[in-house]
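>>> got a predicted model here, sequence first, then my questions.
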Amino acid sequence: MDPKTLDLAENRRCMLAGELYYAFTPDLTQDRTRAKVACNAYNTESANGASRRRLVELWKECVIHPLASTHPLMSPLTHLLQHHP
């Protein structure tokens, strides 16, 4: 697998499918950095007693993919994450 000729979309598809992929592409590295910063912000503010609204805002920064709405236990959480001002 040559990183210089790698199709980034196909590489991401392989990753999401649980197949062999190259982890050190610029887009995946950027995603990991973004997730690290977002998770650190969430953990810091959570430990310092941030409001529930603020924690929901920070959680939305941590996740890329929307929550599955098919699971009945997820519907209240999905509502909180999608409908706040």
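That came through fine. Numbers count the residues shown, from 1 in each chain.

>>> which one's the longest helix in this structure?
Longest helix in the chain, counting residues (DSSP state H): helix 26-47.

>>> for it, packing partners?
Counting contacts by 3 or more C-beta pairs under 8 Å, 6 or more residues apart in numbering; DSSP states H and E, helix 26-47 is packed against helix 8-17, helix 52-62. Heads up, the C-betas are built off the backbone N, CA and C, glycines and all.

>>> wait, which of the ones you listed is closest to residue 35?
Checking those against residue 35 by C-beta to C-beta gives helix 52-62 as the closest, at 6.6 Å.

>>> what about that closest one, distance to the chain center?
On the basis of C-alpha atoms, centre = their mean, to the nearest Å, helix 52-62 sits 12 Å off its chain's mean C-alpha point.

>>> picking that back up, go through the helices and strands packed on helix 26-47 and pick out the most buried.
helix 52-62 (a mean of 14; mean count of other C-beta atoms under 10 Å).

>>> let me see the mean pLDDT of it.
Average pLDDT, helix 52-62: 91.

>>> show me what contacts the closest residue to residue 42 other than its chain neighbours?
Nearest residue to residue 42 in three dimensions, chain neighbours excluded: residue 58, at 4.2 Å (C-beta to C-beta, 6 or more residues apart in numbering). With contact set as C-beta atoms under 8 Å, 6 or more residues apart in numbering, residue 58 has these partners: 38, 41-42, 45-46, 50.

>>> just the buried ones from the residues you listed, in ChimeraX syntax?
Buried residues among the contacts of residue 58 (16 or more other C-beta atoms under 10 Å), as a ChimeraX selection:
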select :38,42,50
